[in-house]
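Trainee: I'll drop the sequence and a predicted model, then ask my questions.
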Amino acid sequence: MIELDGLTKRFGNKVAVDHLSCRIRPGMVTGFLGPNGAGKSTTMRMMLDLDNPTGGSVRIDGKHYRELQEPLKHIGALLDAKSMHGGRSAYNNLLCLAQSNRIPASRVSHVLDTVGLSAVAGKKSKGFSLGMGQRLGIAAALLGDPEILMFDEPVNGLDPEGIHWIRNLMKALASDGRTIFVSSHLMSEMALTADHLIVIGQGRLLADTSMADFIQENSRSYVRMRSPEQERLRDALHSAGIVAVEAGNGTLEIDAATTEQLGEFAAGHGIVLHELSSQRASLEEAFMQMTAGSVEYHAHSDSDGRQPPPVGPHWGDQWNQQAGTAPGDDPKGV
Ligand SMILES: Nc1ncnc2c1ncn2[C@@H]1O[C@H](COP(=O)(O)OP(=O)(O)OP(=O)(O)O)[C@@H](O)[C@H]1O
């Protein structure tokens, strides 16, 4: 278990982490999400005593990192895969780490085998690809057989097989009862891996919830309809007082009705449908909706390239404001 209590870090005037309090529990994979600059790396660095908090505390199994007798046996971390000594072989890099932390040398071969690097154990790590470097960093994290593992962007540079492998590794470690804390920008990957989410924005806690609840609470579900008689369908919906939003490619999105109701409605009007499907936003959409107000750097596109956001009333408001219409107005609603 990792416990953060009021954890705060300032760099001059910049508040990177702002009174963050949460528990990261054993037996599950906890995903750590936030836009660029949200404070994820700074939080992870403070957990490992690599940065001093300005305020608050981190406890690892009830103790401050500095109080842990043999820290690598309690907590293993992949923060920066490039931190290995490039002139040393993969084996020797891990052996040095094992010897300086009173970890038996037998663990070195074991973890190299676990991460699939046995065949290149004697090769200097400076020749490693990004993916191999990530695997070596993960081997280092596993070396002390710790109960708590922290991975900052572990799938960086991994190919699809590698991504699949690390996903299964994290799940297996969690099902062993270990505490797994992982940050990633790949939402689709996080959706497949994490059981629980901690989301921060501008250093502040935005959510501490199960994956299922997060998506449920931060996204809308809607029905998508596509018809070769789109004009007629739109007019019929409009006459019935049903709000539909054009979403491109001839599709309409409707919030306040079920597929059953809309299927019967179309049949009642003799309108052919090519699609009638229930949609739920993905983790990525839910995440973008929640963090829209706390993104440090926004991309701006010119008006020609501007597209309405795919889901969510807040996104719609943001787009409408940029388009010069009032929030809540729906320029495309029928
Ligand atoms: N050593 C430092 N000195 C000054 N500002 C810093 C320092 N380290 C981080 N920051 C600032 O603190 C904020 C949080 O940075 P941090 O790297 O923790 O965010 P992050 O969530 O990990 O971002 P990313 O997803 O881009 O890696 C940012 O605004 C960053 O510019």
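Mentor: Looks like it came in fine.

Trainee: Show residues contacting whichever strand or helix holds M44.
Mentor: Using DSSP states H and E, M44 sits in helix 40-47. Helix 40-47 is touched from outside by 2, 4, 7, 9, 16-17, 20, 32-34, 51-53, 58, 60, 65, 75, 77, 79, 150, 152, 181, 183, 200, 203, with contacts defined as Cβ atoms under 8 Å, 6 or more residues apart in numbering. All C-beta atoms are positioned from the backbone trio N, CA, C, and that covers glycine.

Trainee: who's in contact with the helix or strand following that helix?
Mentor: For helix 40-47, the following helix or strand on the C-terminal side (DSSP H and E) is strand 55-60. Applying Cβ under 8 Å, 6+ apart, the set of residues contacting strand 55-60 from outside is 2-8, 19-21, 46-47, 64-65, 68, 74-75, 148.

Trainee: just the buried members of those residues?
Mentor: Of the members of the contacts of strand 55-60, the ones counted as buried by neighbours, 16 or more other Cβ atoms under 10 Å, are 2-4, 7-8, 20, 46-47, 65, 68, 74-75, 148.

Trainee: I'd like the C-alpha coordinates of stretch 248-266 written as CSV, please.
Mentor: Written as CSV, here are the backbone C-alpha positions of stretch 248-266 (Å, rounded to 0.1, in the frame of the first residue of the first chain):
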residue,chain,number,x,y,z
GLY,A,248,-20.5,13.3,-39.9
ASN,A,249,-20.6,10.5,-42.4
GLY,A,250,-24.4,10.7,-42.5
THR,A,251,-24.8,9.6,-38.8
LEU,A,252,-27.0,11.2,-36.2
GLU,A,253,-26.4,10.9,-32.4
ILE,A,254,-29.3,10.9,-30.0
ASP,A,255,-28.9,11.2,-26.3
ALA,A,256,-32.3,10.8,-24.7
ALA,A,257,-33.7,7.6,-26.2
THR,A,258,-32.9,3.9,-26.4
THR,A,259,-32.2,1.8,-29.5
GLU,A,260,-35.6,0.1,-29.1
GLN,A,261,-37.5,3.4,-29.1
LEU,A,262,-35.6,4.8,-32.0
GLY,A,263,-35.8,1.5,-34.0
GLU,A,264,-39.6,1.5,-33.6
PHE,A,265,-39.7,5.2,-34.4
ALA,A,266,-37.9,4.7,-37.7
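
Trainee: Go through it and flag the buried ones.
Mentor: 251-254, 257, 262, 265-266.
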